[in-house]
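[1] this one's sequence-less:
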């Protein structure tokens, strides 16, 4: 993967038990430190109004792959899958955002953990970006980014870095557990072109959505329409603990490549979560998908937390992401550079 705003995948050269810095990490911090621009005073009455990065609400092309049904999950079979040589890697990230009068900074820790025989083995990738609308600040800068829409541009950079990190780190023949949706608005379709390369390397990416107001199922099954607030509302009432629904297929009306197979899984008597994969992944590994659902159920039980009911490796990846992010004191970097925080940043972020 190589884009105008990224660098070749071979330049990352990442493996496990390492923390890797983005090539522009130190340069961005150095240029922020040199920022000493005198700007004319003016009033900016522009209000930001960014759209949410959410899954399409009117997903008309949702169809069940079989009749609507409940499927019991088998934790013992899931345990066997985990302990019989299956390679499992999980991804999560943590982001520190700093809002200032001069621009917006994002420091992100991308985290992968390998489920080893005796321990979790981490790999982390740290990135640092600063976005501004000021031409004076960007002038002669190699790393600071000129942006009219920092929210959207930061999402694009985040997705490119995430994909690069995963592609360059995850070995073949791996089940890859990723926190977050496969498809959720324009930015989150960036993952779709990589699916073919994953399949070629026998990597099975599975995505998890714990919080969602989408109604893909309930709006497209006549018997359910207008009866439930969301799919999670329906699946919570429909499923018992230790069950999942049948699989459903979603295909974007405007771009058939944006397609996925998903189900809802309820480990405890709590809100379920959506488990999804690209339709190509499902087709390639269909014979193993049921076994993987049992594995997911087992890993949620291993996590053993009703306040944080997610698969254990993702929970560990989240911990590493948060701890690694603490290595970068964004507040100190900004303060030493003389960057002026916004009022809300000063009230709630410092």
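    Arrived safely. Predicted, not measured: the structure shown is a model, and the values here were computed from it.

[2] burial count for the nearest residue to residue 267 once chain neighbours are set aside?
    Of all residues not flanking residue 267 in the chain, residue 300 sits nearest, at 4.2 Å (CB to CB, 6 or more residues apart in numbering). Glycine gets a C-beta too; all of them are placed from N, C-alpha and C. Residue 300 has 26 neighbouring residues, counting by other CB atoms under 10 Å.

[3] wait, a helix at residue 136?
    Yes: checked against DSSP: H, G, I helix; E, B strand; the rest coil, residue 136 lies within a helix.

[4] what's the distance between it and residue 102?
    To residue 102, residue 136 is 10 Å away according to CB to CB, to the nearest Å.

[5] before we move on, what about residue 325?
    Taking CB to CB, one finds residue 325 at 22 Å from residue 102.

[6] which one's more surrounded, those two?
    Neighbour count, other CB under 10 Å: between residue 325 and residue 102, residue 102 has more, with 23 against 19.

[7] mind listing what residue 195 touches?
    Contact criterion CB atoms under 8 Å, 6 or more residues apart in numbering gives 205, 278, 280-281 as the residues in contact with residue 195.

[8] any chance of JSON lines for the residues you listed, columns pLDDT, distance to residue 148 and neighbour count?
    Shown next, in JSON lines, are these (pLDDT from 0 to 100; distance: CB to CB, whole Å; neighbours: other CB atoms under 10 Å):
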{"residue": "205", "pLDDT": "96", "distance to residue 148": "32", "neighbour count": "23"}
{"residue": "278", "pLDDT": "95", "distance to residue 148": "32", "neighbour count": "25"}
{"residue": "280", "pLDDT": "95", "distance to residue 148": "35", "neighbour count": "17"}
{"residue": "281", "pLDDT": "96", "distance to residue 148": "36", "neighbour count": "23"}
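
[9] now for residue 300: which residues touch it?
    Taking CB under 8 Å, 6+ apart, one finds 265, 267, 309-312 in contact with residue 300.

[10] from the chain's centre, how far out does the helix or strand it falls within sit?
    Using DSSP states H and E, the element containing residue 300 is helix 286-303. Distance of helix 286-303 from the chain centroid (CA atoms, centre = their mean, to the nearest Å) equals 20 Å.

[11] quick one: list the elements packing against the helix or strand following it.
    The helix or strand immediately downstream of helix 286-303 is helix 312-325, counting by DSSP H and E. Contact here means 3 or more CB pairs under 8 Å, 6 or more residues apart in numbering; DSSP states H and E; on that basis helix 312-325 packs against strand 88-99, strand 104-115, strand 120-132, strand 174-179, helix 286-303.

[12] deepest-packed of these, please.
    Of all those, strand 104-115 has the most neighbours on average by mean count of other CB atoms under 10 Å, namely a mean of 24.

[13] that strand pairs with which strands?
    Strand 104-115 has its sheet partners listed here by DSSP bridges as strand 88-99 (antiparallel), strand 120-132 (antiparallel).

[14] filter the contacts of residue 195 down to the ones in strands?
    205, 278 (DSSP state E).

[15] could you work out the most separated pair of the contacts of residue 195?
    Farthest apart among the contacts of residue 195 by CB to CB are 205 and 280. That separation is 10.5 Å.

[16] so which residue is dead centre in this protein?
    residue 180 (4.0 Å; CA atoms, centre = their mean).

[17] spatially nearest residue to that one, not counting backbone neighbours?
    Residue 180 sits nearest to residue 207 (CB to CB, 6+ apart), 6.4 Å away.

[18] also residue 341?
    residue 100 is the one closest to residue 341 (CB to CB, 6+ apart), at 5.4 Å.

[19] ok, that neighbour touching residue 337?
    No: contact criterion CB atoms under 8 Å: residue 100 and residue 337 do not qualify, at 9.4 Å.

[20] if we can go back for a sec, so the residue nearest to residue 180: helix, strand or coil?
    Here residue 207 is recorded as strand under three-state DSSP.

[21] dig out what it forms beta bridges with.
    As for beta bridges, residue 207 partners with residue 178, residue 276 under DSSP bridges.

[22] can you give the distance of the host helix or strand of residue 79 from its chain's centre?
    Residue 79 is part of helix 75-83, with elements assigned from DSSP H and E. In terms of CA atoms, centre = their mean, the centre of helix 75-83 is found 26 Å from the chain centre.
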